[in-house]
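Undergrad: just need the structure, nothing else, for what follows:
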Amino acid sequence: MIPKNDAEMDAEAIIANVLSTYTGFNSYNDTGTCLISNCEAPLRFQTHFTRPDGFRFDSQDFCGHCDDDALPREKSIWTDGYHYSEKNSKGIRQFESLDHMLAITASKSTHTAERILRTLTPNTFKPGTSWHDLNSAKLLSDEKLGDTECFHLIGTFRKVEDTEVFIEKGTNLVRRIISKVILTDEDCRQMQTTIDSKRKVWKKGGRNSKQIARDLQLLTLAFVPGMDIYTYDFNDILINGSIDARQYEKP
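TA: Numbering: from 1, shown residues only. Sure, this is the predicted structure:
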């Protein structure tokens, strides 16, 4: 596909160019932050990726710490395509699959780990589950992030116009994603009903009880109506650099 020039660009064309660019990378590194609207300190992270399946995500979470010299909560998840591991303050544990690893650790990493992974390997995930599956995406006026000139897109992921994306012009690199997570009273009631239903089956020890037990690990938070805004910034991006493959190995 021949990329369109700026004058011909629309939101769908820009997203297509981003996916074409990222799926062509042999390796990818970044550092970045995720800042939540109700938290003063950001989650800091590093991403490492090597084709076909090497992936590692290291994070430091300062949110909730009041003292300047308080130690952050550190966590790493990684895979070589065959083994799926997590290391945190409690030790190391293994998961059955990439989906399982990302799902169980998602809330603790504010879904940051999968943002770029879904861009690098879009065919790995179900359609409609990634930021680039926006509905009614449209192109707004260009904006600068520091000295970086960016396309500014907005679209609908779950709720109307709940996602904004900033794409560096000329490189197609994702520099910022802003995600609004909106919960209505009805959303909260439906999620609580789902949890209660799964918990009943799990207690009965049904044939799917193992899967339900895993699901319940994802649903331990209290659901409160409102909106949180997540701002993901991706910095120090290195493309096709040398990466030590040992960091992806099973411990």
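
Undergrad: surely residue 112 meets residue 43?
TA: Yes - between residue 112 and residue 43 there is a contact under C-beta atoms under 8 Å: 6.4 Å. C-betas here are computed from N, CA, C, even on glycine.

Undergrad: hey, which helix or strand in this protein has the poorest pLDDT?
TA: Lowest on mean pLDDT, DSSP states H and E among the helices and strands of the chain sits helix 209-217, with a mean of 54.

Undergrad: and the helix or strand following it, what does it pack onto?
TA: Sequence order places strand 226-239 as the next helix or strand after helix 209-217, per DSSP states H and E. If you count contacts as 3 or more C-beta pairs under 8 Å, 6 or more residues apart in numbering; DSSP states H and E, strand 226-239 packs onto strand 27-36, helix 112-120, strand 174-183.

Undergrad: and the closest residue to residue 249 other than its chain neighbours, its phi and psi?
TA: Once flanking residues are discounted, residue 249 sits nearest to residue 80: 5.8 Å by C-beta to C-beta, 6 or more residues apart in numbering. Main-chain torsions, residue 80, degrees, to the nearest 10: phi -110, psi 10.

Undergrad: and what of residue 99?
TA: Note on residue 99: backbone dihedrals following degrees, to the nearest 10 are phi -60, psi -40.

Undergrad: now do the shared contacts for residue 112 and residue 43.
TA: Common neighbours of residue 112 and residue 43 (criterion: C-beta atoms under 8 Å, 6 or more residues apart in numbering): 34, 59.

Undergrad: about what we covered before: for residue 194, which of the helices and strands packed on strand 226-239 is the nearest?
TA: Within the helices and strands packed on strand 226-239, the stretch nearest residue 194 is strand 174-183; the backing value is 13.6 Å (C-beta to C-beta).

Undergrad: please work out the angle formed by the directions of that closest one and strand 27-36.
TA: With axes from the mean of the first three to the mean of the last three C-alpha atoms, to 10 degrees applied, the angle from strand 174-183 to strand 27-36 works out at 40 degrees.

Undergrad: does anything pack onto strand 174-183? Which helices or strands?
TA: Under the contact criterion of 3+ C-beta pairs under 8 Å, 6+ apart, strand 174-183 touches helix 112-120, strand 148-156, strand 163-168, strand 226-239.
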